[in-house]
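Chemist: Provided below are the primary sequence and the corresponding predicted coordinates.
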Amino acid sequence: MENHFGKTPVTQPGSNHNIPIIGSLVYCDSDALDHAATEVVRNKLDGGVYAIKRIKLNPQNKQLNRKITREVKLLSRLNHENVVRYYNSWIDCASLESGAPSSDTTTGTASPDDKLPGAGDSVERLAPPARDANVEWNVSYHSRASAIRPAGDSSDDSSDDDDNDWMGFLACSKSSEGVVFERGDSGDVPDADQESRRNNGGQGSRDDEDEAREIQFMYIQMEFCEKSTLRTAIDGGLCGEEQRVWRLFREVVEGLAHIHQQGMIHRDLKPVNIFLDSNDHVKIGDFGLATTSNLHRPMEQAGLLTERRLAELRSLSHEMGDSSLTGQVGTALYVAPELNIPGFKLIYNQKVDIYSLGIIFFEMCCPLETGMERVKVLANLRHPDIILPPTLTEHDTPKQVHIIRWLLNHDPGMRPSSEELLQSPYLPPPQLEEAELQEMVRHTLCNPQSKAYKYLVGSCFTQEVSPAEDITYHMSLPRPSSPLLQERAKQAVTKVFHRHGALPLNTPLLSPPSPHPPSCESCVRLMARSGGLVCLPHDLRVPFARHVAWSGVSCLKRYAVERVYREKKVFGFHPRELYECAFDVVTPTAGSLVADAELLSVVWEIINEFPSLRDKACVIRLNHTSLLRAILLHSGIEEEKHNSMYAFLREVKDERHSKYMGQTLPLMSDQAMCTLIQLLDLEGPLSKVSAVFKSIGKRGGEVASLATQAFHELETVIGHADALGVKCRIVVAPGLAYNCHQYSGVMCQFVCQLNTRRGRRGMEVVAAGGRYDAMLASFRQNLELTGVSGKGLSQAAAGVSISLDRLVSALQELEEGEEEGDDTPFGALDVVVCSLGRSPMVREKCTLIRELWAAGIRATILDAIQSLEEVQDYCREQLVPHMVLFKDTETTTVRVRSWKRERDRFQEKKVNISELVEFIQRLVKCTMVGEGSDVAPLFSRCESKGSSETSSNSVIPAVTFSFVTDEKMNVTQRRRAENQIMPHLGPTLQRLSTKVQVEVLVVNVETAIIKTLASHLELNQDTTVFQKSVGTIIEMVRTVIERHPRNKKYLSKVCEEIQDLVSQKLPPNILLYSRVDNTHKLLL
């Protein structure tokens, strides 16, 4: 590496061009130690030895560069003693001088003296901090490049998909786009040269050659394995050391299991990519990164192992020697057979690594003398019959032969996973030292009263937190939602809960681990100082079910709005916090399933509280656990495999099942798999779905019984929901398996079209729930077995959970969609009290604020702000409609300023201090009723105080509006229309009792038609008369239509709305309002 630090630029062999070397971070804080394809360096700050891998990038092919950086980012998740650590990565770039020749394939390094200006002026500024042995060094630092993040990127994305942007990458500061970290399409990336030719139109000019040219290199800092690779060990006679073979093979499997647990595939597993460190331990490295050449199909990269291909390889062996043959064959000898099917759309899984592992294990066990023999033997080994050489027999090496045949099975479903291989009896146990350690830990944990147990747990709690861990722990938290929007959403939800008679009930925060959480990986588990395990709530349903079983409650309606927690895939960060609203109904028995229908009614009422959700395409998806069980049994899946199938269905969520089913259930027949996919993908009205299942019901047996019971209960719940006024579209989805292990009956899911966290529109789950009688019974059973509770108590429960975060997003979407000046609701304060001038007037402000609080007005004092402009800015930001200004020059009066949105300015009026509280009360009432539309008269100089008092102090009943119109009205238009209608209804509403509910039907017809409807439709609050009048409403509507034939279709729609209101359990007072003549009529 001496010439890498020399004074002259390095020339690539075979090229006549010199490249000005990039000022790299490597040469600022590292000393080169050795020469290789991957450079070995020592960090000057921490003294650690690392391997630096350099990848030349094409600045014009940004899609390929993004794919490379995304894959390196995923590799940084791996942290296992048998996997090479990826610590850091960065991109260095530079511009060639005008007229300087260059080569696309030239790479090189130079001494620090040859670096570009400014590349390493300050070692302290460029170099990373010293690396602690227990801390991951995962922060990139600037060299010539600067960190690039896309505009608008926030931590919300990281909380959505657990891909936390804690590993930074550096891009050229001159680039306008840089490297963007996002999950994009993983399809083939076009060749860089083709893309360059396409951008240049296939032509070049001398002016282009004279322009400055940019070059980029990606540097990846990895763990250095200094000894050798598994290939060198195999060539050195590894097969003669059986104990070492088993030890190395176990380490390879353990490292591969960790890679697969992270959801990754190595894709390029072979002996040269398995390193051995100085202690002869395995380190899996050199993952298959994206390049222009290997983005094509794997078999195209390696070449199909046909007879012609083998002949070429044998010929090449004679011409170039055995040493070159390994590199020529490369991945072709290790690639799985399912990747060698021409014209087959590649959908492969982690079993491709298992096949490569089988080839590797064979080479570890069987000596091969020459390269040509190796190609021939491995080609026979890759045959579907797995032809083994005579030197390897089942009589002499039964375990080795069984594992090789197991791993090399051409059916991916018959190959084991890495975890299954570790637990297999054919794999010998760990060596004595590791086995003793594991046995000691297991024995210690079995006796919590022993000194060793207390010492082990105490040592866990005495660990020190490094500064890096302290800083990064909260880095991935999403941006908090607006407290005002969150409070508004919470109030709207709790209002519906109170309407249904639910009481707030919170359960304990911590609980012992339970078998009911949906995913152990996402469940947050903690350890107490005594060593016991506890869990944070994954949802609010399981802790409540445990509480109900322990308390013995058999009749209860409760609600709760609390936080739930989800563990992230990358440890060391704060768990995700989500706000959940839970509504549960506990009854002695399930009865007629009215509670299940009430869940649908509650969510539907909540959706109607949010205009942005009410106008969306909302759908209620229903399923039944018995129906799901019947489908699996009908498809031939045994009962003991149902839980794994539930987990699989939960993983795929709303994706189509056929895309994944073939890889997951390879042992099923084609006909059974086709039937299963069709039934799970089915979704539609109850009548359509039940018709498909009729053929199953005709066969009888358990499957028919389960399906019949399921459809009967689904039909009952849908009928009850319709009677409760649920107008949302309801479909039956047999593939719905959300938390199905918790439920034992009807399951429901509400989906609406909302903006996702990535800015795209899609169907988002707003609420989900179901009946969970079986979960209650399991908790009760544990109590009964221990004698804590007696037998004979009957309990049934159903509940639904609503995502408060989705409701807040809906409110935020509503506010963002409204134009400036629209009537958005005000904030948490009604009035701000402040003073202008030199005197602070603290006593006067405190006296006034006390009187405002006593009058029920939300107010605060701004003591530190003295400027009028600052006060107005504060009121705009916090949505405060009114402010009271004290001036030291005015002792008997104050100035009241209110925000007039229509005119986009504040209006001001002088008010006597003695009349101030009463005046503020009128302002606040006008703001609450009309959102500011009636404030202007209070600021008029010619206003009549008496008339203002009469109108402001009048009390009216609760009023709701329904617009019967063919035109589509947005939220703003509806609110403006309501504000315009309310003054016309004032006298009529004042004559009604405040306890009644008034429904205003706004119609587009003349006064004559309004009177006709009012005279022909007879309403009565008596139950008997009302039931009789419902049957005659249609006849009355026909009479009205005959008198007004031109409005036939529209009048039919109006009468249907009236019929729906009359058929309610507690029908409201109906008031018809004509938008044509601004007249109204109360229906009696």
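Modeler: Yep, that arrived.

Chemist: which helix is the longest one in the protein?
Modeler: With DSSP state H setting the assignment, residue counts place helix 701-723 as the longest helix in the chain.

Chemist: Pull the residues that contact it.
Modeler: Counting by Cβ atoms under 8 Å, 6 or more residues apart in numbering, the neighbours of helix 701-723 from elsewhere in the structure are 592-594, 596-597, 600-601, 620, 622, 624-627, 629-630, 633-634, 686, 690, 693, 696-698, 730, 732, 745-746. Where you see a C-beta, it was placed from the backbone N, CA and C, and this is true even at glycine.

Chemist: now with 7 Å?
Modeler: The list of residues contacting helix 701-723 from outside it, by Cβ atoms under 7 Å, 6 or more residues apart in numbering, reads 592-594, 596-597, 600-601, 622, 624, 626-627, 629-630, 633-634, 686, 690, 693, 696-697, 730, 732, 745-746.

Chemist: What score does the closest residue to Leu445 other than its chain neighbours have for pLDDT?
Modeler: Excluding the flanking residues, the one nearest Leu445 by Cβ to Cβ, 6 or more residues apart in numbering is Tyr453, at 6.7 Å. Among the per-residue scores, Tyr453 holds a pLDDT of 90.

Chemist: ok, now Ile1041?
Modeler: Note on Ile1041: pLDDT of 56.

Chemist: Please report how far Gln438 lies from Gln431.
Modeler: With distances taken as Cβ to Cβ, to the nearest Å, Gln438 is found 11 Å from Gln431.

Chemist: Could you do Asp670 as well?
Modeler: 45 Å.

Chemist: Buried residues of stretch 417-431, list them for me.
Modeler: The neighbour-count check on stretch 417-431 (16 or more other Cβ atoms under 10 Å) flags 417-418, 421, 427, 430 as buried.

Chemist: of all those, which two lie farthest apart?
Modeler: Taking Cβ to Cβ as the measure, these span a maximum distance of 19.0 Å, between Ser417 and Pro430.

Chemist: Work out for me the element Cys748 sits within.
Modeler: Under the criterion DSSP states H and E, the helix or strand holding Cys748 is strand 746-755.

Chemist: pLDDT at the residue lying closest to Gln243 once chain neighbours are set aside, what is it?
Modeler: Taking Cβ to Cβ, 6+ apart, and ignoring the residues beside it in sequence, Gln243 has Gln431 as its nearest neighbour in space, at 7.9 Å. According to the per-residue confidence, Gln431 scores 71 in pLDDT.

Chemist: Okay, helices next: where are they in the stretch 551-700 of the chain?
Modeler: Ranges of helices within the stretch 551-700 of the chain are 594-608, 611-614, 625-634, 642-652, 658-664, 670-681, 686-692, 694-698, based on DSSP state H, counting those that start in this stretch.

Chemist: same question, the stretch 851-1000 of the chain
Modeler: If DSSP H, counting those that start in this stretch is used as the criterion, the helices of the stretch 851-1000 of the chain fall at 868-878, 916-930, 945-953, 971-990.

Chemist: where are the low-confidence patches of the stretch 701-850 of the chain?
Modeler: Along the stretch 701-850 of the chain, the parts satisfying pLDDT under 70 run over 755-762, 790, 814-826.

Chemist: cool, the stretch 401-550 of the chain as well?
Modeler: Judged against pLDDT under 70, the low-scoring parts of the stretch 401-550 of the chain cover residues 432, 517-520.

Chemist: mind running it again at 80?
Modeler: Under the criterion pLDDT under 80, the flagged ranges of the stretch 401-550 of the chain are 430-436, 476-482, 515-521.

Chemist: nearest residue to Gly285 other than its sequence neighbours?
Modeler: Spatial nearest neighbour of Gly285, excluding adjacent residues (Cβ to Cβ, 6+ apart): Val84 at 3.4 Å.

Chemist: so that neighbour touches Met222, yeah?
Modeler: Yes: under the contact definition of Cβ atoms under 7 Å, Val84 touches Met222, with a separation of 5.6 Å.

Chemist: Among these two, which residue is more densely surrounded?
Modeler: Higher neighbour count among Val84 and Met222: Val84, with 24 against 20, using other Cβ atoms under 10 Å.

Chemist: For the more buried one, give me its contacts.
Modeler: The contact partners of Val84, by Cβ under 7 Å, 6+ apart, come to 222-223, 225, 275, 283-285.

Chemist: Among those residues, which ones are in strands?
Modeler: Under the assignment DSSP state E, those contribute 222-223, 275, 283-284 to strands.

Chemist: mind checking how far Phe711 is from Ser459?
Modeler: Distance, Phe711 to Ser459, using Cβ to Cβ: 58 Å.

Chemist: neighbour-wise, which of the two wins?
Modeler: Legend: neighbour count by other Cβ under 10 Å for Phe711 and Ser459, higher for Phe711 (21 against 9).

Chemist: which parts of the host helix or strand of Ala468 are buried?
Modeler: Under the criterion DSSP H and E, the helix or strand holding Ala468 is helix 467-472. Neighbour counts over helix 467-472 (16+ other Cβ under 10 Å) mark 468-469, 472 as buried.

Chemist: So Val553 is in contact with Thr587, correct?
Modeler: No: at 10.3 Å, Val553 and Thr587 do not qualify as touching, with contact defined as Cβ under 7 Å.

Chemist: These two - which one has more neighbours?
Modeler: Using other Cβ under 10 Å as the criterion, Val553 and Thr587 rank with Thr587 on top: 18 against 15.

Chemist: excluding its backbone neighbours, what's nearest that one?
Modeler: Leaving aside its chain neighbours, Thr587 sits nearest to Ala796 (5.2 Å; criterion: Cβ to Cβ, 6+ apart).

Chemist: Hmm, Thr589 and that neighbour touching each other?
Modeler: Yes: using Cβ under 7 Å, Ala796 and Thr589 qualify as a contacting pair, with a distance of 5.3 Å.

Chemist: Of these two, give the one with the bigger neighbour count.
Modeler: When Ala796 and Thr589 are compared on other Cβ under 10 Å, the one with more neighbours turns out to be Ala796, at 20 against 10.

Chemist: from the helices of the stretch 851-1000 of the chain, which stretch is densest packed?
Modeler: Mean neighbour count, computed with mean count of other Cβ atoms under 10 Å, is highest for helix 916-930 among the helices of the stretch 851-1000 of the chain, reaching a mean of 18.

Chemist: Output that helix as PDB, restricted to C-alpha atoms.
Modeler: Taking Å, rounded to 0.1, in the frame of the first residue of the first chain, the C-alpha atoms of helix 916-930 are listed here in PDB:
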ATOM      1  CA  LEU A 916     -66.300  43.400  30.300                       C
ATOM      2  CA  VAL A 917     -67.100  39.900  31.600                       C
ATOM      3  CA  GLU A 918     -70.700  40.100  30.200                       C
ATOM      4  CA  PHE A 919     -69.400  41.300  26.900                       C
ATOM      5  CA  ILE A 920     -66.800  38.500  26.700                       C
ATOM      6  CA  GLN A 921     -69.500  36.000  27.500                       C
ATOM      7  CA  ARG A 922     -71.600  37.200  24.500                       C
ATOM      8  CA  LEU A 923     -68.500  37.100  22.300                       C
ATOM      9  CA  VAL A 924     -67.700  33.500  23.300                       C
ATOM     10  CA  LYS A 925     -71.200  32.300  22.800                       C
ATOM     11  CA  CYS A 926     -71.400  33.800  19.400                       C
ATOM     12  CA  THR A 927     -68.100  32.200  18.500                       C
ATOM     13  CA  MET A 928     -69.200  28.800  19.700                       C
ATOM     14  CA  VAL A 929     -72.600  28.900  17.900                       C
ATOM     15  CA  GLY A 930     -71.700  30.500  14.600                       C
END
